[in-house]
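Undergrad: Quick check, what structure comes out for this input:
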Amino acid sequence: MVPRLIEAQVLTELDREFLAAFCECWAAYWDLKAIVQEEGYTTTTDKGNVRQHPAVGAMKMMLDNVVRLGREFGLTPASRSRIEALPEPPTDPTAEFLFGEGPLDT
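TA: Here you go, the predicted structure:
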């Protein structure tokens with residue numbers, strides 16, 4: 001996914017923390033989903049009441065976070081139609097000369 005986001009000029013180094021949050025939420029969702037698949041969507045309390053398993057609510061919260069953060073990167077069909085990547089900033093010849101970056105550093 002990262003190479004495609006870079007190619008689309010949607011992802012830069014500035015987005016690292018948001019991408020990490022997206023990945024962490026996605027991983028947590030799958031961990032919670034595995035718990036729910038193993039233990040079921042409901043649990044029984046000490047008093048015999050049947051309730052939603054706590055992992056179900058957490059799983060929904062992680063999926064909501066994945067969708068919300070995914071929109072920021074244009075990962076949903078609707079968000080792709082609204083996203084506009086920023087162009088690369090122009091190079092500064094003076095900075096290239098002073099700091100030895102670019103074609104002037106030879």
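
Undergrad: for the protein, what spans make up the strands?
TA: 42-44, 50-52 (DSSP state E).

Undergrad: if you compare those, which one is most tucked away?
TA: Comparing the strands of the chain by mean neighbour count (mean count of other CB atoms under 10 Å), strand 42-44 ranks first with a mean of 12. Every C-beta, even on glycine, is put in place using the N, C-alpha and C of the backbone.

Undergrad: which neighbours does that strand have in its sheet, and in what orientation?
TA: When pairing is defined by DSSP bridges, strand 42-44 lines up against strand 50-52 (antiparallel).

Undergrad: Pull the distance from the partner strand to the chain's centre.
TA: Put simply, strand 50-52 sits 31 Å off its chain's centre (CA atoms, centre = their mean, to the nearest Å).

Undergrad: tell me the average confidence for that strand?
TA: Computed over strand 50-52, the mean pLDDT rounds to 97.

Undergrad: contacts for that strand?
TA: Residues outside strand 50-52 that contact it (CB atoms under 8 Å, 6 or more residues apart in numbering): 41-45.

Undergrad: Include pLDDT when you put the residues you listed into TSV, please.
TA: TSV is the format used below for these (pLDDT from 0 to 100):
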residue	pLDDT
Tyr41	97
Thr42	97
Thr43	95
Thr44	95
Thr45	93
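
Undergrad: How about the spatially most central residue of the chain, nearest residue that isn't a chain neighbour?
TA: Nearest to the centroid of the C-alpha atoms of the chain, with distances taken as CA atoms, centre = their mean, sits Phe22, at 2.3 Å. Spatial nearest neighbour of Phe22, excluding adjacent residues (CB to CB, 6 or more residues apart in numbering): Leu69 at 4.2 Å.

Undergrad: Alright, calling it a day.
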